[in-house]
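**Student:** got a predicted structure here, sequence first:
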Amino acid sequence: MNPFVFLIDILLQLYATALLIRVILQWAGADFYNPVSQFIVKITNPPVKPMRKIIPGFFGIDMATLVLAILVIAVKVMVVYQTLNPVVISLLAIGQVLMLTLSVFLYSIIIQAILSWVNPDPYNPAVSLLNSLTSPILKHFRNLLPPMGGMDLSPMIAIIAIMFVQYSVRYLFMNVFGINL
């Protein structure tokens, strides 16, 4: 792979991740006065503000930021796959945004589970943000599992479920559309 294509790929992927984290934090109702949230808002605000004038929110989801994340990934797809086919670009962009969103949840749950072993400071901004980000997902799994004597197995079940969905999406895209995510 061309090193410049690699660099563009990484930079666009990181920016799309920041945009998706912003969407997820708004959806989860996270504290936007948190320093980490403020960082995400500041790096994503320049393109999001004009987009919000065009694209309104929908059921508490910041659609302008989500559309921008899809557009960023679409540009990445055009550069990396060197294609201008709108169908391929659209399918890959939507699939990769879905996979990236699942990855954000997956890694957040993994990091939170590892941090729970060392008993971090609950007032740490990153820990509080991780709790805000993962609680909407984990609460459903906690409701499914009976109390286990102080052991919380919901992160493990959530990780397995998210990985199952990721594999299912990859399988769908490969076998239905013939596209490898």
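**Tutor:** Thanks, I have the structure now. Worth saying up front: this structure is predicted, and the values here are computed from it rather than measured.
**Student:** would you mark the buried spots in stretch 157-167?
**Tutor:** Buried residues in stretch 157-167, counting neighbours by 16 or more other Cβ atoms under 10 Å, are found at 157, 158, 159, 161, 162, 166. In short, each C-beta sits where N, CA and C put it, glycine included.
**Student:** sorry, wrong one. I was asking about stretch 84-99.
**Tutor:** Quick answer for stretch 84-99 (16+ other Cβ under 10 Å): 88, 89, 91, 92, 93, 95, 96, 97, 98, 99.
**Student:** ok, stretch 151-158 next?
**Tutor:** Here stretch 151-158 shows 154, 155, 157, 158 as buried, counting by 16+ other Cβ under 10 Å.
**Student:** avg pLDDT for that stretch?
**Tutor:** Averaged across stretch 151-158, pLDDT comes to 91.
**Student:** tell me the gap between stretch 116-124 and the middle of its chain.
**Tutor:** 23 Å (Cα atoms, centre = their mean, to the nearest Å).
**Student:** how about that stretch as CSV, C-alpha atoms only?
**Tutor:** Provided in CSV are the C-alpha atoms of stretch 116-124 (Å, rounded to 0.1, in the frame of the first residue of the first chain):
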residue,chain,number,x,y,z
SER,A,116,-12.6,-2.4,37.0
TRP,A,117,-9.8,-4.8,38.0
VAL,A,118,-7.7,-2.0,39.3
ASN,A,119,-10.5,0.0,40.9
PRO,A,120,-9.8,3.4,39.2
ASP,A,121,-10.9,6.7,40.6
PRO,A,122,-14.6,7.0,39.8
TYR,A,123,-14.2,10.8,39.5
ASN,A,124,-11.6,10.5,36.7
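**Student:** just checking, what packs against the longest helix seen in the chain?
**Tutor:** Taking DSSP state H as the assignment, the helix of the chain that covers the most residues is helix 86-118. Packing contacts for helix 86-118, counted by 3 or more Cβ pairs under 8 Å, 6 or more residues apart in numbering; DSSP states H and E, involve helix 3-28, helix 63-81, helix 125-144, helix 154-172.
**Student:** got the contact list for the most centrally placed residue in the chain?
**Tutor:** With distances taken as Cα atoms, centre = their mean, residue 101 lies nearest the centre of the chain, 2.7 Å away. Residue 101 makes contact with 20, 24, according to Cβ atoms under 8 Å, 6 or more residues apart in numbering.
**Student:** now do the same contact list for the nearest residue to residue 121 once chain neighbours are set aside.
**Tutor:** Of all residues not flanking residue 121 in the chain, residue 127 sits nearest, at 6.6 Å (Cβ to Cβ, 6 or more residues apart in numbering). By Cβ under 8 Å, 6+ apart, residue 127 lies in contact with 112, 115, 120, 121.
**Student:** mind running it again at 10 Å?
**Tutor:** Each residue near residue 127 by Cβ atoms under 10 Å, 6 or more residues apart in numbering is listed here: 36, 111, 112, 115, 116, 120, 121.
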